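Participant: predicted model and sequence follow; I will ask about them next.
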Amino acid sequence: MKSEYVIVGAGSAGCALAYRLSEAGKSVTVIEHGGTDAGPFIQMPGALSYPMNMKRYDWGFRTEPEPHLGGRRLACPRGKVIGGSSSINGMIYVRGHARDYDHWRDQGAAGWGYSDVLPYFHRLESWNSGGHGGDPEWRGKNGPLHVTRGARTNPLTRAFVEAGAQAGYGVTGDYNGHRQEGVGPFDMTVWQGERWSAAKAYLRPALKRENCNLVRGFARKVVIRDERARGVEIEQGGRVRVIEAEAEVIVAASAINSPKLLMLSGIGPADHLKSMGIEIVADRPGVGKNLQDHLEVYVQAAAKQKVSLYTYWNLLGKAYVGARWLLTKSGPGASNQFESAGFIRSRAGVDYPDLQIHFLPIAVRYDGQASAEGHGFQAHVGPMRSPSRGEITLRSADPKEDPRIFFNYMSHVEDWVDFRQGIRLVRDIFGQDAFKPYLKHEIQPGDAAQSDEALDDFIREHAESAYHPCGTCKMGSRDDPMAVVDPETRVIGVQNLRVADSSIFPRITNGNLNAPSILVGEKASDHILGKAPLPADNREPWIHPEWRTKQR
C-alpha cells in the first residue's frame with residue numbers, strides 16, 4: 001500500500017495534517033492504533049472524567065517514580081482513539097500567550113513567533129461566544145475547529161470572576177484575544193452540546209475525500225533506507241507490513257510516542273540506542289529530552305449552599321444529566337463545566353502570566369471521585385513555565401513495551417516557590433466578598449497548612465499532572481545539537497521525515513495544549529506543501545503596563 005504522505009497518529013496535529021494535505025490533492029494514509037471515538041463517554045462534554053480513565057481509550061502510561069514527589073508514579077493519559085487526546089481531554093481551548101511563541105522564535109524556531117502563528121489560529125478556528133463577550137476581531141470565524149463558551153449559569157462560576165476582580169485582577173473578556181492576563185470565561189471545543197474533537201473537525205471531512213485513508217495498526221518503526229524515510233512498519237492482527245510513503249513520513253504520535261518511534265527507528269542519542277541494540281541512523285541527542293508538563297493542585301472548599309454540581313453526583317442525578325443530554329444535547333452534560341478561568345502573574349517582575357487557574361463548581365478529582373464533604377468548589381492552580389525537564393527513554397527494542405517516562409517534576413527551587421504562591425493567591429480570591437455567601441471552609445490544603453513546609457508537604461503528596469506533556473523532539477535551528485526538527489518540522493539528519501505534534505514545542509505554552517498542537521499540524525502542512533506562510537499579523541498583545549512593580 002502506497003500514499004504520497006503517511007501520517008503516524010490520528011491525534012490533534014495528525015488530523016489537521018490529514019485534512020490540509022488531502023485538501024491540497026495529496027494522497028494521505030493515516031495510521032492509528034486506537035479505535036472508534038463513538039459513544040457517549042467521549043461525546044458528552046460533562047462525562048470528560050470517564051474516557052481518560054478507560055483502557056479502551058487511553059494508552060495508560062505512568063511515570064517512573066518521581067523523586068521530588070515522594071516517589072509517586074503519576075498517571076500520564078494519552079488518547080489511544082480516533083482524535084487522540086482531543087477525544088479524551090477536558091476540551092479547554094487555550095492558544096497560549098503571545099510571548100510563548102516569541103520565545104520559540106528567539107530560541108531558534110524561525111517563523112514561529114506570535115505574528116507568524118496568529119494567522120494560523122485564525123485559520124483553524126470557528127469561534128462563537130454565544131453572546132458571552134470576547135474579542136471577535138482577534139478570533140477565527142470559518143475554521144474547522146468549533147470553539148464556544150459555556151452558559152455560565154452556575155453562581156459559583158460567576159462568583160469566581162467577581163472575586164478575582166475584587167482581589168485586584170482585571171477581567172479579561174477573551175484570554176485568547178488581546179489580553180490573556182486576568183479572570184474571565186473559558187473557551188471550550190464543544191459544538192451544539194457535543195465534544196468537537198480533531199477527529200470531527202478535521203479527520204472525518206478528510207476521510208470523505210478519495211485521497212485520504214485511515215489504517216488501523218500499531219506503528220513499530222519508520223522504515224529508513226539511505227538516510228531517507230520510505231514508509232512505516234505496522235502490526236495488524238499479528239501480521240507485520242509496511243505502509244510506503246512516496247513523498248514523506250510525518251510522525252504525529254504524541255510527546256510520548258513520537259520520540260519512542262524515532263528511537264526505535266534508529267534516530268536518537270547514539271549511546272542509548274546502542275545500549276538497546278538498535279542500529280543508529282542519525283545521532284540526535286535531543287530525541288526524548290526536554291520533556292515538560294504542567295503540574296497542578298486543587299484548592300478545594302466546602303460550600304454553605306447547595307449550589308454546586310454535587311446535586312447531580314448520585315445515580316439519579318447522573319441519569320437525569322445523561323438522559324437530558326442524549327435527548328436534547330443540553331443541560332449540565334453539554335458543558336465541560338470549566339467555564340471560568342484565571343491567568344495571573346505570581347509576582348511583580350514577571351512580564352506575563354505564569355499561573356493558570358481552572359475553576360470548577362464542584363470538589364472532585366479527575367478520576368471522578370467527589371469530596372466526601374458534599375457540595376463544594378475548587379480551583380486547579382499550577383505554574384505555567386517550570387524550569388524542570390525530564391526525558392523519554394526506551395526500556396528495550398521491543399515496540400510493544402512502554403517507554404520510560406520521567407518528568408523530573410519539582411526538581412527546581414523555583415517550582416516550589418511558584419506553587420506555594422499559587423495556592424496562597426487562590427486562597428486570597430476565595431476570601432473575597434463574592435464567595436462569602438458560599439464559602440464554608442477550606443477542604444484542602446486545609447486551614448492548618450499555612451507555613452511553607454506544610455504547603456510543600458501538601459504539594460508533594462497531591463500535585464497531579466494537568467496532562468500536557470511536550471517538548472521531546474524540540475524544534476530549533478539546524479546548528480542546535482539538541483534540536484530534533486528544524487523550523488519546517490523536518491527531522492535533522494534524515495530526509496523525507498518530519499515530526500509535527502506537541503513534541504516539537506521548544507518550551508511549553510501557557511495553558512492547555514490542544515490548541516497549540518492543532519496549530520502545529522496546520523502550520524506544518526504549509527511547510528510540507530511548500531506554500532508561502534500566511535501573512536504575518538503584527539498586532540500586539542496586552543502586557544500589564546506596570547508588570548515590573550505590580551503583581552496585579
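Facilitator: Arrived safely, thanks for sending.
Participant: so which bits of the strand ranked longest in the chain are buried?
Facilitator: Looking across the chain with DSSP state E, the single longest strand is strand 239-251. Neighbour-count burial for strand 239-251 flags 242-243, 245, 247-251 (criterion: 16 or more other C-beta atoms under 10 Å). (C-beta placed from N, C-alpha, C; glycine too.)
Participant: over to stretch 115-133?
Facilitator: Applying 16+ other C-beta under 10 Å to stretch 115-133 flags 115-129, 132 as buried.
Participant: tell me which stretches of the stretch 251-400 of the chain form helices.
Facilitator: Shown for the stretch 251-400 of the chain, the helices assigned by DSSP state H, counting those that start in this stretch span residues 254-264, 270-275, 315-328.
Participant: out of those helices, the one nearest Leu156 is which?
Facilitator: helix 315-328 (16.8 Å; C-beta to C-beta).
Participant: distance from that closest one to the middle of the chain?
Facilitator: 28 Å (C-alpha atoms, centre = their mean, to the nearest Å).
Participant: then stretch 30-40?
Facilitator: 19 Å.
Participant: contacts for that stretch, please.
Facilitator: 6-10, 14-15, 18, 43, 47, 56-57, 79-84, 87, 197, 199, 203, 212-219, 232, 234, 243, 322, 325-326 (C-beta atoms under 8 Å, 6 or more residues apart in numbering).
Participant: keeping just the C-alphas, turn it into CSV.
Facilitator: The C-alpha trace of stretch 30-40 is given here as CSV (Å, rounded to 0.1, in the frame of the first residue of the first chain):
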residue,chain,number,x,y,z
VAL,A,30,-3.2,8.0,8.5
ILE,A,31,-2.1,5.2,10.8
GLU,A,32,-3.9,4.9,14.2
HIS,A,33,-3.7,2.2,16.8
GLY,A,34,-6.8,3.3,18.7
GLY,A,35,-10.4,2.6,17.9
THR,A,36,-13.6,4.5,17.3
ASP,A,37,-14.5,7.6,19.2
ALA,A,38,-18.2,6.8,19.1
GLY,A,39,-20.1,6.6,22.3
PRO,A,40,-21.5,9.0,25.0
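Participant: and the most far-flung residue of the chain relative to its centre, how far from Ile528?
Facilitator: Largest separation from the mean C-alpha position in the chain: Asp226, at 35.5 Å (C-alpha atoms, centre = their mean). To Ile528, Asp226 is 21 Å away according to C-beta to C-beta, to the nearest Å.
Participant: try His272
Facilitator: Counting by C-beta to C-beta, the gap from His272 to Ile528 is 29 Å.
Participant: tell me which of those two has more neighbours.
Facilitator: Ile528 (22 against 17; other C-beta atoms under 10 Å).
Participant: need phi/psi at that one.
Facilitator: Dihedral angles of Ile528 (phi, psi; degrees, to the nearest 10) stand at phi -60, psi -40.
Participant: I figured it hits Ala252, correct?
Facilitator: No - counting by C-beta atoms under 8 Å, Ile528 sits too far from Ala252 to count as a contact (11.6 Å).
Participant: what's the overlap in contacts for these two?
Facilitator: Leu17.
Participant: okay then, goodbye and thanks.
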